[in-house]
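> Next input, structure requested:
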Amino acid sequence: MAVQLFFWELENHLKSSSAASVVAIDNKIEQAMDLVKSHLMYAVREEVEVLKEQINELIERNSQLEQENNLLKNLASPEQMALFQAQVQTGSSPTGPDKPAVGSVGTQAALPPSQNIGMST
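Have a look, this model is predicted:
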């Protein structure tokens, strides 16, 4: 009977030790997962901030380009606009190898004198 009691106590001790080990391991796993989660959240927050900055820069750049586009449309003659529209519809480039890009040096010389007012070189 004493031997049976001893084995029973030993079995209960091992079960409780085993259960304690499982709880300890579960706690460590949970701590590791929390650490990974906090690192990921930090990295995501940083990336979100970078992307917000890039979005703001792109919004500002888009606004500048829209203003420039409107200015160029207002300065262009009807003939230039018709030529541009024709080039857009055919898919050809409005600037060929022998034509300077809009906004490049020498653009003012291509405009009539009345449209050069206010533009600097």
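
> Quick one: name whatever helix or strand follows the longest helix along the chain.
Secondary structure of the chain read by DSSP state H shows that its longest helix is helix 2-75. Of the helices and strands lying after helix 2-75 in sequence (DSSP states H and E), the nearest is helix 78-90.

> Just the buried residues of that following helix, please?
Judged by neighbour count (16 or more other Cβ atoms under 10 Å), helix 78-90 contains these buried residues: residue 80. C-beta: built from backbone N, CA, C; applies to glycine.

> that older thread, now do the longest helix of the chain and helix 78-90, the angle between them.
For helix 2-75 against helix 78-90, the angle between stretch directions is 140 degrees (axes from the mean of the first three to the mean of the last three Cα atoms, to 10 degrees).

> Distance check, the spatially most central residue of the chain against residue 92.
In the chain, the residue lying closest to the centroid (Cα atoms, centre = their mean) is residue 51, at 4.4 Å. Separation of residue 51 from residue 92 (Cβ to Cβ, to the nearest Å): 36 Å.

> what do you get for residue 68?
For residue 68, the distance to residue 92 equals 22 Å [Cβ to Cβ].

> Tell me the spacing between residue 13 and residue 29.
According to Cβ to Cβ, residue 13 and residue 29 sit 24 Å apart.

> ok, now residue 80?
For residue 80 relative to residue 29 (Cβ to Cβ), the value is 70 Å.
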